[in-house]
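J.: predicted model, plus sequence, below.
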Amino acid sequence: MELPVIDLAPYLENSSLDSEIESVCLEVSRTLRETGALLVKDPRCTAEDNDRFIDMMEKYFQQPEEFKRLQERPHLHYQELNSEPVIPEGFPEWKSTMDSWGYKMISAIESVAEMAAIGFGLSKDAFTSLMQQGPHLLAPTGSDLRAYGKEGTVFAGYHYDLNFLTIHGRSRFPGLSIWLRNGRKMEVKVPVGCLLIQAGKQIEWLTAGECMAGMHEVVVTNRTTDAIKRALEQNCSLWRVSSTLFAHMASDAVLKPLGHFSDSPLASKYPPICAGEFVEHELAVINLKGNKGA
Ligand SMILES: [Fe+2]
């Protein structure tokens, strides 16, 4: 089984909800429910945009450790936009590239959130109205496959994400596996020009478990080592860059089963809680377990 690719273009081009759009929205909610993940093609997020971001991050991660120690870990908090991020020396394109890719991925998430809401039988803005002012976080990571490219190396152990939806640009090195609702494990293949979205714990809360947070891991597999061989032959970077954006509900938004999900027999498992408090609680549990989680 492979994940279907949802093309967002027809939804973005049509302001009215016709039967074609409605069936795409149903496919979005069905796929999220069954797999906890979704592949999308968004005309606003092109393969060239993804490449520009990854090229810059590869160049950054290739710098000596002393250079990288001068900066904080590269990330962008979308609520902290007034504080100027640290721009590494020799990267004049840093801010515009980070901002542009981050905003493009947020736009894709917002459209998917609208489509999922429609597909789940909620109002179009049921999710997006809670996302305004959410502490969205663009957190690229770099893994050095020269040092850590052995099959079986774990970059992120089995976990779920505690936010609403997570979106990833396509990585040049595969390695992500997800667990489907039926318990089967599946390696994710992200086609060129596509984005991968994953359901986090906050969407599970809002749908009373109809859409569960997707369990996943990132491990060096034989497909990763094949990509390493190709990169070596072509003299390409061996840094595995992931461009991950965690979309969150606003900290003061109340998480609780929305609309008809409040009548679900499972609704009592998901009592009302502020998103900010929810995140703090989840982080405390992760720290107790002693792993890095999301
Ligand atoms: Fe994750």
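T.: Here it is on my side, so go on.

J.: please make it C-alpha for all contacts and neighbour counts, starting now.
T.: OK.

J.: quick one: contacts for the closest residue to residue 270 other than its chain neighbours?
T.: In space, residue 270 comes closest to residue 205 once its chain neighbours are excluded; the distance is 5.6 Å by CA to CA, 6 or more residues apart in numbering. By CA atoms under 8 Å, 6 or more residues apart in numbering, the contact set of residue 205 is 255, 256, 257, 270.

J.: measure residue 205 to the ion for me?
T.: Applying CA to the ion, to the nearest Å, the value for residue 205 to the ion is 17 Å.

J.: got it, and residue 39?
T.: In terms of CA to the ion, residue 39 sits 16 Å off from the ion.

J.: helix, strand or coil for that residue?
T.: strand (DSSP: H, G, I helix; E, B strand; the rest coil).

J.: residues near it, how many?
T.: 25 (other CA atoms under 10 Å).

J.: bridged to it, which residues?
T.: Listed by DSSP bridges, the beta-bridge partners for residue 39 are residue 5, residue 196.

J.: so which residues on the stretch 1-150 of the chain come close to the ion?
T.: Listed as neighbours of the ion in the stretch 1-150 of the chain under the rule CA under 5 Å from the ion: no residues.

J.: count the residues that sit near residue 89.
T.: 11.

J.: host element of it?
T.: Using DSSP states H and E, residue 89 falls within no helix or strand.

J.: hey, where'd the helices end up in this protein?
T.: 9-13, 19-35, 47-61, 65-70, 94-119, 128-131, 201-206, 222-233, 275-289 (DSSP state H).

J.: mean pLDDT for those - can I get that in JSON lines?
T.: Below are those laid out as JSON lines (pLDDT from 0 to 100):
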{"stretch": "helix 9-13", "mean pLDDT": "95"}
{"stretch": "helix 19-35", "mean pLDDT": "96"}
{"stretch": "helix 47-61", "mean pLDDT": "96"}
{"stretch": "helix 65-70", "mean pLDDT": "85"}
{"stretch": "helix 94-119", "mean pLDDT": "96"}
{"stretch": "helix 128-131", "mean pLDDT": "98"}
{"stretch": "helix 201-206", "mean pLDDT": "98"}
{"stretch": "helix 222-233", "mean pLDDT": "97"}
{"stretch": "helix 275-289", "mean pLDDT": "87"}
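
J.: residues near the single nearest residue of the stretch 101-250 of the chain relative to the ion, how many?
T.: Closest residue of the stretch 101-250 of the chain to the ion, CA to the ion: residue 161 (4.9 Å). For residue 161, the neighbour count with other CA under 10 Å is 20.

J.: for it, phi and psi?
T.: Main-chain dihedrals, residue 161, degrees, to the nearest 10: phi -90, psi 140.

J.: so it touches residue 217, yeah?
T.: No: with contact defined as CA atoms under 8 Å, residue 161 does not count as touching residue 217 (10.8 Å).

J.: before we move on, the earlier item: specify which member of the contacts of residue 205 is nearest to the ion.
T.: Distances from the ion to the contacts of residue 205, taken by CA to the ion, are shortest for residue 255, at 20.2 Å.

J.: contacts only, for that closest one.
T.: Residue 255 neighbours (CA under 8 Å, 6+ apart): 202, 205, 206, 271, 272, 273, 274, 275.

J.: which of those residues are buried?
T.: Among the contacts of residue 255, those classed as buried by neighbour count (16 or more other CA atoms under 10 Å) are 202, 205, 206, 272, 275.

J.: and the pLDDT for the fourth one?
T.: pLDDT recorded at residue 272 is 98.

J.: measure it to the ion for me?
T.: Relative to the ion, and taking CA to the ion, residue 272 is found at 24 Å.

J.: list the contacts for the closest residue to residue 252 other than its chain neighbours?
T.: Distances taken as CA to CA, 6+ apart put residue 274 closest to residue 252, at 5.5 Å, once the chain neighbours are dropped. Applying CA under 8 Å, 6+ apart, we find residue 274 in contact with 251, 252, 253, 254, 255.

J.: perfect, that will be all.
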